[in-house]
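Asks: What follows is a predicted structure for the sequence shown.
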Amino acid sequence: MSSTKFAKIHTMDIDESIEEQGQLSQENKKLILSLPREKGWRTPYIYLFQGFWCQPAEIQAITTFQKHFQAKESDVFVATVPKSGTTWLKALTYAIMNRQNHFISSKNHPLLSFNPHDLVPFIEYTVYGKHDTIPDLSKIHEPRLFGTHIPFDSLSNSIKGSNCKIVYICRNPFDTFISSWTFANKIKPPSLPTLNLEEAFEMYCNGLVGFGPFWNHMLGYWNESKERPKNVLFLKYEDMKEDLKFHLKKMAEFLDRPFTLEEESEGVIENIIKLCSFEKMKGLEINNTGTFGRNFENKFLFRKGEVGDWSNYLSPSMVEKLSKVIEEKLGGSDLNFRVK
Ligand code: PAP
(Lines give C-alpha, C1' and ligand atoms only; values in the text may rest on other atoms or scores of the structure.)
Protein backbone atom coordinates (compact mmCIF):
# COMPACT_ATOMS: atom_id res chain seq x y z
CA MET A 1 0.00 0.00 0.00
CA SER A 2 2.77 2.44 0.88
CA SER A 3 6.32 2.57 2.08
CA THR A 4 5.14 3.16 5.65
CA LYS A 5 5.93 0.32 8.01
CA PHE A 6 3.06 -0.60 10.28
CA ALA A 7 4.07 -1.64 13.74
CA LYS A 8 1.76 -4.25 15.17
CA ILE A 9 1.34 -3.20 18.76
CA HIS A 10 1.18 -5.46 21.75
CA THR A 11 -2.25 -5.92 23.28
CA MET A 12 -0.92 -4.79 26.64
CA ASP A 13 0.01 -1.43 25.16
CA ILE A 14 -2.54 0.99 26.58
CA ASP A 15 -3.73 3.47 24.02
CA GLU A 16 -5.18 6.50 25.72
CA SER A 17 -6.90 7.54 22.51
CA ILE A 18 -9.18 4.54 22.86
CA GLU A 19 -10.33 5.73 26.25
CA GLU A 20 -10.66 9.31 24.99
CA GLN A 21 -12.91 8.13 22.20
CA GLY A 22 -15.67 7.26 24.63
CA GLN A 23 -16.86 3.95 25.82
CA LEU A 24 -15.77 1.00 23.80
CA SER A 25 -16.89 -2.52 24.59
CA GLN A 26 -14.21 -4.90 25.87
CA GLU A 27 -14.54 -6.88 22.65
CA ASN A 28 -13.89 -3.80 20.48
CA LYS A 29 -11.06 -2.62 22.71
CA LYS A 30 -9.39 -5.97 22.23
CA LEU A 31 -9.95 -5.85 18.49
CA ILE A 32 -8.58 -2.30 18.20
CA LEU A 33 -5.52 -3.07 20.27
CA SER A 34 -4.67 -5.88 17.87
CA LEU A 35 -4.70 -3.60 14.80
CA PRO A 36 -1.76 -1.75 13.22
CA ARG A 37 -1.87 1.91 14.15
CA GLU A 38 -0.34 5.19 13.01
CA LYS A 39 -0.52 8.79 14.16
CA GLY A 40 -3.98 10.26 13.48
CA TRP A 41 -5.08 13.64 12.11
CA ARG A 42 -7.46 14.58 14.90
CA THR A 43 -7.09 11.64 17.25
CA PRO A 44 -3.76 10.43 18.63
CA TYR A 45 -3.96 7.31 16.43
CA ILE A 46 -5.80 5.86 13.49
CA TYR A 47 -6.05 2.09 13.03
CA LEU A 48 -5.93 -0.12 9.96
CA PHE A 49 -9.28 -1.89 10.02
CA GLN A 50 -10.50 -4.08 7.13
CA GLY A 51 -7.91 -2.42 4.89
CA PHE A 52 -8.74 1.22 5.67
CA TRP A 53 -7.70 3.71 8.35
CA CYS A 54 -10.12 4.87 10.97
CA GLN A 55 -10.64 6.01 14.53
CA PRO A 56 -11.56 3.65 17.41
CA ALA A 57 -15.13 4.92 17.82
CA GLU A 58 -15.72 4.49 14.09
CA ILE A 59 -14.49 0.89 14.22
CA GLN A 60 -16.95 0.09 16.99
CA ALA A 61 -19.83 1.69 15.09
CA ILE A 62 -18.90 -0.06 11.84
CA THR A 63 -18.71 -3.50 13.44
CA THR A 64 -22.16 -2.98 15.00
CA PHE A 65 -23.49 -1.79 11.64
CA GLN A 66 -22.02 -4.78 9.83
CA LYS A 67 -23.63 -7.15 12.32
CA HIS A 68 -27.07 -5.60 12.56
CA PHE A 69 -27.99 -3.43 9.60
CA GLN A 70 -30.84 -4.76 7.44
CA ALA A 71 -31.09 -3.00 4.12
CA LYS A 72 -34.44 -2.24 2.51
CA GLU A 73 -34.80 -2.13 -1.26
CA SER A 74 -35.85 1.53 -1.06
CA ASP A 75 -32.82 2.68 0.98
CA VAL A 76 -30.59 5.41 -0.39
CA PHE A 77 -26.97 5.82 0.71
CA VAL A 78 -24.93 8.95 0.20
CA ALA A 79 -21.39 7.56 0.24
CA THR A 80 -18.38 9.85 0.13
CA VAL A 81 -14.69 10.33 0.60
CA PRO A 82 -14.49 12.73 3.60
CA LYS A 83 -14.24 16.40 2.55
CA SER A 84 -15.28 15.83 -1.02
CA GLY A 85 -18.78 17.27 -0.97
CA THR A 86 -20.65 15.14 1.57
CA THR A 87 -22.71 17.98 3.03
CA TRP A 88 -23.66 19.25 -0.44
CA LEU A 89 -24.57 15.81 -1.83
CA LYS A 90 -26.66 15.00 1.24
CA ALA A 91 -28.58 18.27 0.78
CA LEU A 92 -29.17 17.62 -2.92
CA THR A 93 -30.24 14.01 -2.34
CA TYR A 94 -32.59 15.01 0.47
CA ALA A 95 -34.13 17.76 -1.66
CA ILE A 96 -34.69 15.42 -4.63
CA MET A 97 -36.10 12.55 -2.56
CA ASN A 98 -38.44 14.66 -0.44
CA ARG A 99 -39.78 17.17 -2.92
CA GLN A 100 -43.33 15.80 -2.77
CA ASN A 101 -43.52 16.41 1.00
CA HIS A 102 -41.35 19.48 1.17
CA PHE A 103 -41.79 21.91 -1.69
CA ILE A 104 -38.41 23.23 -2.63
CA SER A 105 -39.49 26.87 -2.50
CA SER A 106 -41.24 26.49 0.88
CA LYS A 107 -40.04 28.86 3.61
CA ASN A 108 -40.27 25.88 5.97
CA HIS A 109 -38.07 23.54 3.97
CA PRO A 110 -36.11 21.33 6.44
CA LEU A 111 -32.85 22.26 4.69
CA LEU A 112 -33.36 25.83 5.94
CA SER A 113 -33.39 24.82 9.59
CA PHE A 114 -31.35 21.59 9.75
CA ASN A 115 -27.82 20.78 8.67
CA PRO A 116 -27.83 18.03 5.98
CA HIS A 117 -25.95 15.73 8.37
CA ASP A 118 -29.01 15.79 10.64
CA LEU A 119 -31.38 14.97 7.78
CA VAL A 120 -29.22 12.25 6.24
CA PRO A 121 -27.54 10.69 9.27
CA PHE A 122 -24.12 9.08 9.13
CA ILE A 123 -24.09 5.31 9.72
CA GLU A 124 -20.78 5.45 11.58
CA TYR A 125 -21.34 8.55 13.73
CA THR A 126 -25.05 9.00 14.26
CA VAL A 127 -26.98 5.80 13.54
CA TYR A 128 -24.54 3.37 15.17
CA GLY A 129 -22.59 5.96 17.14
CA LYS A 130 -24.01 5.08 20.55
CA HIS A 131 -21.97 2.27 22.00
CA ASP A 132 -24.68 0.70 24.12
CA THR A 133 -27.65 0.85 21.74
CA ILE A 134 -28.60 -1.05 18.64
CA PRO A 135 -31.10 1.27 16.98
CA ASP A 136 -34.42 0.02 15.65
CA LEU A 137 -34.41 1.38 12.12
CA SER A 138 -37.31 -0.68 10.84
CA LYS A 139 -39.87 2.03 11.58
CA ILE A 140 -38.10 4.92 9.91
CA HIS A 141 -40.22 6.46 7.19
CA GLU A 142 -39.26 5.06 3.76
CA PRO A 143 -37.30 5.77 1.71
CA ARG A 144 -34.61 5.88 4.37
CA LEU A 145 -31.62 8.09 3.62
CA PHE A 146 -28.24 7.40 5.21
CA GLY A 147 -24.76 8.82 4.79
CA THR A 148 -21.46 7.02 5.10
CA HIS A 149 -17.71 7.27 4.52
CA ILE A 150 -17.29 3.47 4.77
CA PRO A 151 -15.44 1.98 1.75
CA PHE A 152 -17.60 -0.16 -0.54
CA ASP A 153 -16.06 -3.48 0.46
CA SER A 154 -16.93 -2.89 4.11
CA LEU A 155 -20.58 -2.00 3.59
CA SER A 156 -22.80 -4.62 5.15
CA ASN A 157 -23.59 -7.65 3.01
CA SER A 158 -27.21 -6.77 3.38
CA ILE A 159 -26.61 -3.58 1.36
CA LYS A 160 -24.37 -5.16 -1.23
CA GLY A 161 -26.92 -7.90 -1.84
CA SER A 162 -29.89 -5.56 -2.11
CA ASN A 163 -31.24 -3.29 -4.78
CA CYS A 164 -30.78 -0.11 -2.79
CA LYS A 165 -29.18 2.95 -4.34
CA ILE A 166 -25.79 4.43 -3.54
CA VAL A 167 -24.91 7.94 -4.67
CA TYR A 168 -21.15 8.43 -4.36
CA ILE A 169 -19.01 11.53 -4.61
CA CYS A 170 -15.27 12.11 -4.59
CA ARG A 171 -13.11 15.10 -5.44
CA ASN A 172 -9.69 15.78 -6.86
CA PRO A 173 -7.16 14.67 -4.24
CA PHE A 174 -5.39 18.07 -4.15
CA ASP A 175 -8.48 19.93 -2.93
CA THR A 176 -9.62 17.01 -0.79
CA PHE A 177 -6.28 17.05 0.99
CA ILE A 178 -6.38 20.79 1.73
CA SER A 179 -9.99 20.58 2.87
CA SER A 180 -9.15 17.62 5.17
CA TRP A 181 -6.06 19.30 6.62
CA THR A 182 -7.74 22.63 7.37
CA PHE A 183 -10.78 20.84 8.84
CA ALA A 184 -8.73 18.51 11.04
CA ASN A 185 -6.84 21.42 12.57
CA LYS A 186 -10.09 23.28 13.29
CA ILE A 187 -11.77 20.41 15.07
CA LYS A 188 -8.92 18.56 16.77
CA PRO A 189 -8.95 18.52 20.57
CA PRO A 190 -6.75 21.23 22.15
CA SER A 191 -4.59 18.47 23.67
CA LEU A 192 -3.26 17.55 20.20
CA PRO A 193 -0.65 19.76 18.51
CA THR A 194 -1.46 21.46 15.22
CA LEU A 195 -0.76 19.12 12.31
CA ASN A 196 1.58 20.88 9.94
CA LEU A 197 0.99 20.88 6.20
CA GLU A 198 4.10 18.90 5.26
CA GLU A 199 3.46 16.12 7.76
CA ALA A 200 -0.22 15.82 6.83
CA PHE A 201 0.75 15.74 3.16
CA GLU A 202 3.14 12.83 3.67
CA MET A 203 0.45 10.94 5.58
CA TYR A 204 -2.09 11.61 2.82
CA CYS A 205 0.27 10.48 0.05
CA ASN A 206 0.91 7.27 2.02
CA GLY A 207 -2.83 6.64 2.27
CA LEU A 208 -2.90 7.45 5.99
CA VAL A 209 -6.09 9.45 6.26
CA GLY A 210 -9.54 8.68 7.63
CA PHE A 211 -11.22 6.00 5.44
CA GLY A 212 -8.14 6.01 3.20
CA PRO A 213 -6.16 5.28 1.23
CA PHE A 214 -8.27 7.60 -0.89
CA TRP A 215 -7.45 5.64 -4.09
CA ASN A 216 -8.88 2.40 -2.70
CA HIS A 217 -12.00 4.25 -1.56
CA MET A 218 -12.55 5.73 -5.01
CA LEU A 219 -11.76 2.52 -6.91
CA GLY A 220 -14.11 0.45 -4.76
CA TYR A 221 -17.14 2.57 -5.68
CA TRP A 222 -15.87 3.29 -9.22
CA ASN A 223 -15.66 -0.40 -10.07
CA GLU A 224 -19.03 -1.12 -8.50
CA SER A 225 -20.63 1.76 -10.41
CA LYS A 226 -19.44 0.12 -13.62
CA GLU A 227 -20.66 -3.33 -12.57
CA ARG A 228 -24.02 -2.14 -11.25
CA PRO A 229 -24.81 1.28 -12.74
CA LYS A 230 -28.44 1.07 -11.62
CA ASN A 231 -27.30 0.80 -8.00
CA VAL A 232 -24.19 2.95 -7.73
CA LEU A 233 -23.95 6.44 -9.22
CA PHE A 234 -20.40 7.81 -9.24
CA LEU A 235 -20.09 11.61 -9.12
CA LYS A 236 -17.20 14.04 -8.95
CA TYR A 237 -17.25 17.38 -7.11
CA GLU A 238 -15.69 19.26 -10.03
CA ASP A 239 -18.30 17.95 -12.49
CA MET A 240 -21.10 19.00 -10.16
CA LYS A 241 -19.59 22.47 -9.86
CA GLU A 242 -19.33 22.73 -13.63
CA ASP A 243 -22.86 21.65 -14.56
CA LEU A 244 -25.08 20.99 -11.59
CA LYS A 245 -28.34 21.01 -13.54
CA PHE A 246 -27.18 18.14 -15.73
CA HIS A 247 -26.01 16.14 -12.70
CA LEU A 248 -29.16 16.81 -10.70
CA LYS A 249 -31.23 15.39 -13.54
CA LYS A 250 -28.92 12.39 -13.64
CA MET A 251 -29.26 11.92 -9.88
CA ALA A 252 -33.05 12.23 -9.99
CA GLU A 253 -33.30 9.64 -12.76
CA PHE A 254 -30.91 7.30 -10.97
CA LEU A 255 -32.98 7.64 -7.78
CA ASP A 256 -36.19 6.85 -9.75
CA ARG A 257 -37.47 10.37 -9.09
CA PRO A 258 -37.02 12.01 -12.51
CA PHE A 259 -38.11 15.62 -12.83
CA THR A 260 -41.34 16.00 -14.76
CA LEU A 261 -41.63 18.47 -17.62
CA GLU A 262 -43.93 20.48 -15.39
CA GLU A 263 -41.34 20.60 -12.64
CA GLU A 264 -38.69 21.63 -15.12
CA SER A 265 -40.83 24.46 -16.44
CA GLU A 266 -41.66 25.58 -12.90
CA GLY A 267 -37.96 25.92 -12.14
CA VAL A 268 -37.77 23.15 -9.52
CA ILE A 269 -34.23 22.19 -10.56
CA GLU A 270 -32.99 25.79 -10.33
CA ASN A 271 -34.65 26.11 -6.92
CA ILE A 272 -32.85 22.99 -5.63
CA ILE A 273 -29.57 24.39 -6.92
CA LYS A 274 -30.20 27.67 -5.04
CA LEU A 275 -31.40 25.98 -1.85
CA CYS A 276 -28.28 23.80 -1.69
CA SER A 277 -25.77 26.35 -2.93
CA PHE A 278 -22.65 26.97 -0.88
CA GLU A 279 -23.57 30.64 -0.31
CA LYS A 280 -27.14 29.84 0.79
CA MET A 281 -26.12 27.04 3.14
CA LYS A 282 -23.17 28.92 4.60
CA GLY A 283 -25.45 31.84 5.43
CA LEU A 284 -28.09 29.86 7.34
CA GLU A 285 -28.30 30.34 11.07
CA ILE A 286 -28.20 26.58 11.74
CA ASN A 287 -24.92 26.38 9.86
CA ASN A 288 -23.41 29.24 11.82
CA THR A 289 -24.54 28.43 15.33
CA GLY A 290 -25.33 24.68 15.28
CA THR A 291 -23.05 21.75 16.03
CA PHE A 292 -22.63 18.20 14.78
CA GLY A 293 -23.27 16.44 18.08
CA ARG A 294 -20.47 17.33 20.43
CA ASN A 295 -17.92 16.84 17.68
CA PHE A 296 -17.65 20.15 15.83
CA GLU A 297 -19.40 23.33 14.81
CA ASN A 298 -21.42 23.18 11.59
CA LYS A 299 -19.70 26.30 10.31
CA PHE A 300 -16.49 24.32 9.76
CA LEU A 301 -18.28 22.38 7.00
CA PHE A 302 -18.40 25.51 4.84
CA ARG A 303 -14.96 26.91 4.03
CA LYS A 304 -14.46 28.02 0.39
CA GLY A 305 -16.28 25.44 -1.71
CA GLU A 306 -13.99 26.01 -4.71
CA VAL A 307 -12.08 23.93 -7.22
CA GLY A 308 -8.34 24.68 -7.23
CA ASP A 309 -7.80 26.26 -3.80
CA TRP A 310 -4.93 23.78 -3.31
CA SER A 311 -2.75 26.02 -5.48
CA ASN A 312 -2.64 28.51 -2.57
CA TYR A 313 -0.99 25.89 -0.34
CA LEU A 314 1.01 23.25 -2.20
CA SER A 315 4.60 23.71 -3.38
CA PRO A 316 5.62 22.53 -6.89
CA SER A 317 7.36 19.48 -5.39
CA MET A 318 4.22 18.55 -3.44
CA VAL A 319 2.15 18.84 -6.61
CA GLU A 320 4.62 16.62 -8.42
CA LYS A 321 4.58 14.05 -5.64
CA LEU A 322 0.79 13.81 -5.33
CA SER A 323 0.44 13.74 -9.12
CA LYS A 324 2.76 10.73 -9.16
CA VAL A 325 0.74 9.00 -6.43
CA ILE A 326 -2.46 9.59 -8.39
CA GLU A 327 -0.89 8.28 -11.59
CA GLU A 328 0.52 5.25 -9.82
CA LYS A 329 -2.66 4.34 -7.95
CA LEU A 330 -5.40 5.44 -10.33
CA GLY A 331 -3.59 5.49 -13.68
CA GLY A 332 -4.73 1.98 -14.53
CA SER A 333 -8.38 3.01 -14.27
CA ASP A 334 -10.14 5.50 -16.50
CA LEU A 335 -10.85 7.66 -13.44
CA ASN A 336 -9.43 11.16 -13.66
CA PHE A 337 -9.99 14.61 -12.20
CA ARG A 338 -10.15 18.23 -13.17
CA VAL A 339 -7.96 20.04 -10.65
CA LYS A 340 -8.57 23.73 -11.51
P1 PAP B 1 -17.56 15.92 5.50
O2 PAP B 1 -17.06 14.80 4.66
O3 PAP B 1 -16.77 16.12 6.76
O4 PAP B 1 -19.04 15.90 5.75
P5 PAP B 1 -17.69 17.65 3.23
O6 PAP B 1 -19.03 18.27 3.23
O7 PAP B 1 -17.42 16.55 2.28
O8 PAP B 1 -17.26 17.26 4.69
O9 PAP B 1 -16.56 18.71 2.88
C10 PAP B 1 -16.64 20.04 3.08
C11 PAP B 1 -16.18 20.67 1.77
O12 PAP B 1 -17.33 20.84 0.92
C13 PAP B 1 -15.62 22.04 2.03
O14 PAP B 1 -14.67 22.28 1.00
P15 PAP B 1 -13.46 23.31 1.17
O16 PAP B 1 -12.77 22.99 2.45
O17 PAP B 1 -12.58 23.09 -0.02
O18 PAP B 1 -14.08 24.66 1.17
C19 PAP B 1 -16.86 22.89 1.90
O20 PAP B 1 -16.60 24.26 1.69
C21 PAP B 1 -17.53 22.25 0.69
N22 PAP B 1 -18.97 22.50 0.67
C23 PAP B 1 -19.86 22.50 1.70
N24 PAP B 1 -21.08 22.79 1.28
C25 PAP B 1 -21.00 22.99 -0.06
C26 PAP B 1 -21.95 23.34 -1.06
N27 PAP B 1 -23.23 23.54 -0.76
N28 PAP B 1 -21.52 23.44 -2.33
C29 PAP B 1 -20.21 23.23 -2.65
N30 PAP B 1 -19.26 22.92 -1.75
C31 PAP B 1 -19.64 22.79 -0.46
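Replies: Now that the structure is in, tell me what you want to look at. Numbers count the residues shown, from 1 in each chain.

Asks: interface residues of the stretch 151-300 of the chain facing the ligand?
Replies: Within the stretch 151-300 of the chain, the positions near the ligand by CB under 6 Å from any ligand atom are 175, 179, 182, 276-278, 281. Every residue, glycine included, has its C-beta placed from N, CA and C.

Asks: Check the residues you listed and tell me the two furthest apart.
Replies: Using CB to CB, these span at most 21.8 Å, a distance reached by Thr182 and Cys276.

Asks: one step back: inside strands: which ones of the residues of the stretch 151-300 of the chain next to the ligand?
Replies: Among those, DSSP state E puts none in strands.

Asks: Tell me the buried residues within the residues you listed.
Replies: Among these, those classed as buried by 16 or more other CB atoms under 10 Å are 175, 179, 182, 276, 281.

Asks: how about the residues you listed in TSV, adding pLDDT?
Replies: Compiled in TSV, these are given as follows (pLDDT from 0 to 100):
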residue	pLDDT
Asp175	98
Ser179	98
Thr182	97
Cys276	98
Met281	97
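
Asks: And the closest residue to Ile104 other than its chain neighbours, which helix or strand is it part of?
Replies: Nearest non-adjacent residue to Ile104, counting by CB to CB, 6 or more residues apart in numbering: Asn271, 4.3 Å away. Assigned by DSSP states H and E, Asn271 belongs to helix 268-275.

Asks: Closest residue of the stretch 101-250 of the chain to the ligand?
Replies: The stretch 101-250 of the chain approaches the ligand most closely through Ser179 (3.3 Å), counting by CB to the nearest ligand atom.

Asks: ok, Phe146 touching Asp75?
Replies: Yes - between Phe146 and Asp75 there is a contact at 6.9 Å, judged by CB atoms under 8 Å.

Asks: Counting neighbours, go ahead and name the busier of the two.
Replies: Phe146 (25 against 22; other CB atoms under 10 Å).

Asks: can you give me phi and psi for that one?
Replies: Main-chain torsions, Phe146, degrees, to the nearest 10: phi -130, psi 150.

Asks: Show me the strands in the protein, by range?
Replies: Counting by DSSP E, the strands of the chain are 37-39, 45-49, 52-54, 76-80, 145-148, 165-170, 232-236, 291-292, 296-297.

Asks: Where does pLDDT dip in the stretch 1-150 of the chain?
Replies: 1-22 (pLDDT under 70).

Asks: Can you tell me which residues in it are near the ligand?
Replies: So far as CB under 6 Å from any ligand atom goes, the stretch 1-150 of the chain lies against the ligand at 80, 82-88.

Asks: Tell me how many other residues crowd His217.
Replies: The burial count for His217: 26, using other CB under 10 Å.

Asks: who touches it in this structure?
Replies: 52, 81, 151, 170, 211 (CB atoms under 8 Å, 6 or more residues apart in numbering).

Asks: Now find how far off-centre the helix holding Asn271 is within its chain.
Replies: 23 Å (CA atoms, centre = their mean, to the nearest Å).

Asks: Pick out the most distant pair among the residues of the stretch 1-150 of the chain next to the ligand.
Replies: Most distant of these, by CB to CB, are Pro82 and Trp88, 13.2 Å apart.

Asks: Tell me which of the two has more neighbours.
Replies: Trp88 (24 against 19).
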